[in-house]
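Participant: quick one: sequence plus predicted model below, questions after.
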Amino acid sequence: MTPTGADALDDATRDRYLARLGVDLVPPPTVDTLRRLHRAHLERVPFENLDLHAGRRIELDVDRFVAKILDEHRGGFCYELNGAFAALLRSLGFDVELLEAHVHDDSGRVQPFDHVCLRVGDIDSYLVDVGFGDGFDEPIPFVTGRDHVDTSGTFRLDAVDGGSVGLVRDGEPQYRFLLAPRRLLDFTPGCDFHQSPESHFTKRAVCSRRTSDGRVTLRDLRLIRTGPAGRVEIDIPELQLHDTLRREFGVDLRPELLQRLTTSLSSRPAG
């Protein structure tokens with residue numbers, strides 16, 4: 001497997017990243033390690049697009065992604081999260097490829113480089129994705145036509161005409177990805193699009209992470225918690241935004257970003 005995208009992290013940065021995921025010792029590049037890190041990333045590093053609503057542009061730069069996760073204790077969206085995670089995995093000895101994916105939506109429109117996911121491993125490889133928001137909890141074996149059941153649903157990879165592969169969750173298509181490996185900068189058109197007014201990412205601010213038994217999500221000024229007891233939604237006053245981000249997601253925005261985000265959200269209805 002030919003490496004593409006980011007280089008591996010240096011040892012000090014690798015160790016800080018592992019600590020962010022609650023891992024004290026450098027683990028070997030095994031399937032068990034991959035599963036453990038995947039779930040830890042979903043629970044500890046939120047999927048969020050807050051920068052887009054605070055006037056801070058996202059550039060495709062792995063050093064910036066990793067610094068945001070480690071130094072600012074933030075998360076990001078797919079290019080940031082999977083880009084940074086790929087670099088961590090390479091630093092642990094995993095083979096990693098970046099794959100171009102297209103997320104299904106009601107419009108039927110296909111946006112080039114809409115999403116990035118990862119293929120990890122060589123002979124026995126896995127689909128890995130810590131940047132989809134509400135997705136699968138464990139890496140999915142790269143085998144088509146076989147159900148993979150985890151705590152987030154039943155997933156399957158299906159071969160699709162044209163040489164691509166489709167990810168299906170509980171019978172519903174999630175996204176389709178191509179098998180040719182890509183470099184991170186190839187995703188510039190998608191990253192640019194998702195920061196434009198045409199993208200759904202610029203319509204609503206989102207911060208979301210997996211919990212031990214469900215998910216917690218902040219959508220603009222509404223907090224949504226799902227778990228065994230069902231779904232609970234509450235509106236968050238503007239003055240509680242900072243505390244909510246810090247308490248629920250470990251996100252402590254710098255004052256200038258918080259101010260711009262609050263201003264951006266204040267004119268929108270909750271929901």
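Facilitator: All right, it came through fine.
Participant: any regions of the protein where pLDDT drops low?
Facilitator: 1-6, 106-110, 268-271 (pLDDT under 70).
Participant: now the strands for it?
Facilitator: In the chain, the strands defined using DSSP state E lie at 47-48, 96-103, 115-121, 125-128, 140-141, 147-150, 153-160, 164-169, 172-177, 206-210, 215-219, 222-227, 230-235.
Participant: now those in CSV, with distance to Arg16 and mean neighbour count?
Facilitator: Glycine gets a C-beta too; all of them are placed from N, C-alpha and C. As requested, the strands of the chain are exported to CSV (distance: least, Cβ to Cβ, whole Å; neighbours: other Cβ atoms under 10 Å):
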stretch, distance to Arg16, mean neighbour count
strand 47-48, 20, 25
strand 96-103, 19, 22
strand 115-121, 21, 24
strand 125-128, 21, 23
strand 140-141, 28, 16
strand 147-150, 28, 13
strand 153-160, 31, 16
strand 164-169, 31, 19
strand 172-177, 30, 18
strand 206-210, 19, 21
strand 215-219, 25, 20
strand 222-227, 29, 16
strand 230-235, 34, 11
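Participant: what sits against the nearest residue to Glu80 once chain neighbours are set aside?
Facilitator: Nearest in space to Glu80, with sequence neighbours left out and distances taken as Cβ to Cβ, 6 or more residues apart in numbering, is Phe65 at 4.4 Å. Phe65 is in contact with 76, 79-81, 83-84, 87, counting by Cβ atoms under 8 Å, 6 or more residues apart in numbering.
Participant: hang on, the earlier thing: quick one: which of the strands of the chain is nearest Asp24?
Facilitator: The closest of the strands of the chain to Asp24 is strand 206-210. By Cβ to Cβ, the value is 21.1 Å.
Participant: same for that closest one, what does it pack against?
Facilitator: Using 3 or more Cβ pairs under 8 Å, 6 or more residues apart in numbering; DSSP states H and E, the elements in contact with strand 206-210 are helix 31-44, strand 47-48, strand 215-219, helix 241-249.
Participant: ok so, going back, among the strands of the chain, which is nearest Pro27?
Facilitator: Minimum separation from Pro27 across the strands of the chain (Cβ to Cβ) falls at strand 115-121, 13.9 Å.
Participant: count of residues packed around the nearest residue to Arg14 once chain neighbours are set aside?
Facilitator: Spatial nearest neighbour of Arg14, excluding adjacent residues (Cβ to Cβ, 6+ apart): Ser91 at 4.2 Å. Counted with other Cβ atoms under 10 Å, the neighbours of Ser91 add up to 21.
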